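Engineer: Structure for this input, please:
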Amino acid sequence: MSSTFFIKKSGNNAFPKKGQHFAASKRKLISDEDLATKRRGRAKKPNSRLNEEISSDSETEGTAAQNDREAEEEELDETPQEKKLRLAKVYLDQLREEEEKRAEQQSFETELVAGRLQEDLLEQKGKLQRCIAKDILPPDASEIRLLRGHKLPVTCLVISPDEKYIFSASKDCSIIKWDVDTGKKLHTIKGGRKGTEARHVGHTTKVMCMAISSDAKYLATGDMSKSIIIWNPETCTQVSKLKGHRGPVSALSFRTGSHDLYSASHDRSVKVWNVDENAYVETLFGHQDAITGLDCLSRERCVTAGGRDNTVRVWKITEESQLVFHGHGGSIDCIQLINEEHMITGSDDGSVSVWSVNKKKPLSTVNKAHGSFGDTGLEQPHWVSSVAALHNSDTVASGSHNSEIHLWACGQAFRSLQPLFSVPVTGFINSLQFSASGKFLVAGVGQEHRLGRWWRLNEAKNGIYIIPLKRRGAQPEEPRATE
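Structural biologist: So this is what the prediction gives:
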């Protein structure tokens with residue numbers, strides 16, 4: 001009787017060889033060694049009563065070990081295709097996170113650049129107004145520093161562009177360079193006696209004004225003897241001397257980004273100089289009285305205060321024209337630009353005014369800004385002897401002789417002036433300057449007014465005050481365009 005043998009072909013349905021078993025959940029062959037490892041991983045969990053006696057650290061370690069075992073079991077049970085799919089998903093998730101971070105960074109950089117370009121555009125148009133006044137905090141009296149070195153009243157001062165140094169001048173004809181951080185005198189240019197101009201290096205009559213170029217290459221000072229001296233600010237050595245005015249030099253200003261120097265005088269004229277070439281350029285006429293103040297920024301024009309002719313003038317150099325403004329009821333003794341389109345002035349009628357170069361009358365005026373003095377019925381307002389503006393912002397300051405410096409906030413489009421706070425400083429505030437960053441305000445103080453000797457405040461100290469200006473929360477400034 002014949003026998004029939006059935007031979008099963010090898011393939012997916014072949015019987016496992018010795019030492020191999022079927023995995024229950026997956027149709028996959030695994031070795032005895034792998035199976036033993038898997039079974040050891042599925043050991044019984046400890047008794048719950050024992051768990052209650054284990055410390056929290058042990059419980060954490062046990063949980064972590066259990067999670068590792070479960071992860072190993074899952075990896076052991078997955079097919080190569082499933083592993084590839086899992087790894088691909090992880091990789092895609094990583095790519096997605098990286099792309100989201102990159103997109104956020106690019107968006108931030110784009111907004112930053114756009115904001116900076118917008119600020120630059122508004123600044124060029126003269127319409128930039130950073131709103132920081134609301135965040136400035138009044139300084140503590142203990143934080144205000146007094147630097148003394150001049151024998152007579154301080155008449156003028158400037159801060160170096162990098163905010164490391166202060167230069168001050170006085171009626172004693174001297175110039176002092178100060179270190180802002182330490183308050184120490186770094187250099188002193190002593191004044192000489194009248195009549196020694198030929199052999200003395202420096203001023204021999206009281207210094208009335210000074211200016212520093214935007215790159216700190218030149219420092220200019222003007223005095224009562226009609227001279228302008230150009231200095232090297234780093235070494236405090238004399239570079240040159242400019243002569244041409246027929247009266248005391250009362251105001252100086254360098255055009256930002258250049259070495260063009262504007263000077264004003266009691267001879268009622270404004271002169272333009274090129275300091276690099278040590279050359280005179282031209283003279284501007286128009287004021288009917290001694291000019292008491294002058295300022296300029298980057299445009300080829302300047303603004304002046306005409307003292308008792310009661311006018312403010314904007315001089316357009318390239319157009320060879322001027323604009324005349326009226327508003328104060330007394331001598332206009334000080335002026336400074338806030339931006340290219342707006343300026344602030346102070347008068348001996350006690351008022352502070354903000355102007356636009358496009359309007360002939362002030363946008364806003366505060367009368368008796370520093371109060372009044374005298375007997376009842378004969379009260380006179382305290383003269384405003386100095387003003388300062390933090391460029392391209394809404395913050396300005398004014399000084400008088402009422403023992404206080406006032407800080408003001410300009411409203412929308414500079415149409416109002418609101419008091420912020422006052423800083424107690426005794427004496428005539430003859431000069432005020434904000435640092436470029438707005439971190440501090442410097443005041444030049446004397447026992448007498450810088451323009452004369454009408455009366456004397458004996459309790460005052462001749463020197464400069466450094467007033468720190470802290471900001472609430474130190475939040476970034478919010479730019480605002482003016483009308």
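Engineer: where in the stretch 201-350 of the chain is pLDDT low?
Structural biologist: Along the stretch 201-350 of the chain, no part satisfies pLDDT under 70.
Engineer: And the strands in the stretch 351-483 of the chain?
Structural biologist: Using DSSP state E, counting those that start in this stretch, the strands of the stretch 351-483 of the chain run over 352-356, 364-366, 372-373, 380-381, 386-389, 395-399, 404-410, 417-424, 428-434, 440-446, 463-468, 470-471.
Engineer: got the contact list for the third one?
Structural biologist: Think strand 372-373. 350, 379-382, 402 (CB atoms under 8 Å, 6 or more residues apart in numbering). C-beta here means a position set from N, CA and C on the backbone, and glycine is covered the same way.
Engineer: returning to that earlier point: to Cys173, which of the strands of the stretch 351-483 of the chain lies closest?
Structural biologist: Cys173 lies closest to strand 440-446 among the strands of the stretch 351-483 of the chain, at 13.9 Å (CB to CB).
Engineer: May I see the buried residues of the closest one?
Structural biologist: 440-446 (16 or more other CB atoms under 10 Å).
Engineer: can you list those in a markdown table and add distance to Ala388?
Structural biologist: Shown next, in a markdown table, are these (distance: CB to CB, whole Å):
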| residue | distance to Ala388 |
| --- | --- |
| Phe440 | 12 |
| Leu441 | 7 |
| Val442 | 9 |
| Ala443 | 9 |
| Gly444 | 11 |
| Val445 | 14 |
| Gly446 | 16 |
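Engineer: so which of these would you say is closest to Phe434?
Structural biologist: So of those, ranked by how close each gets to Phe434 (CB to CB), first place is Leu441, at 5.5 Å.
Engineer: so that closest one bridges to which residues?
Structural biologist: Phe434, Ile467 (DSSP bridges).
Engineer: and it, what does it touch?
Structural biologist: Here Leu441 is in contact with 388, 397, 405, 407, 423, 432-435, 466-467, 469 (CB under 8 Å, 6+ apart).
Engineer: if I read this right, Asn402 contacts Ala369, doesn't it?
Structural biologist: No - Asn402 is beyond contact range of Ala369, at 9.6 Å (criterion: CB atoms under 8 Å).
Engineer: These two: which is more packed in?
Structural biologist: Ala369 (24 against 20; other CB atoms under 10 Å).
Engineer: Starting from Lys470, give me the distance back to that one.
Structural biologist: Computed with CB to CB, to the nearest Å, the distance linking Ala369 and Lys470 is 24 Å.
Engineer: Mind checking the strands of the stretch 351-483 of the chain for the one nearest to His328?
Structural biologist: Using CB to CB, the strands of the stretch 351-483 of the chain put strand 352-356 closest to His328, at 6.6 Å.
Engineer: angle of the closest one against strand 404-410?
Structural biologist: Relative orientation of strand 352-356 and strand 404-410, computed by axes from the mean of the first three to the mean of the last three CA atoms, to 10 degrees: 30 degrees.
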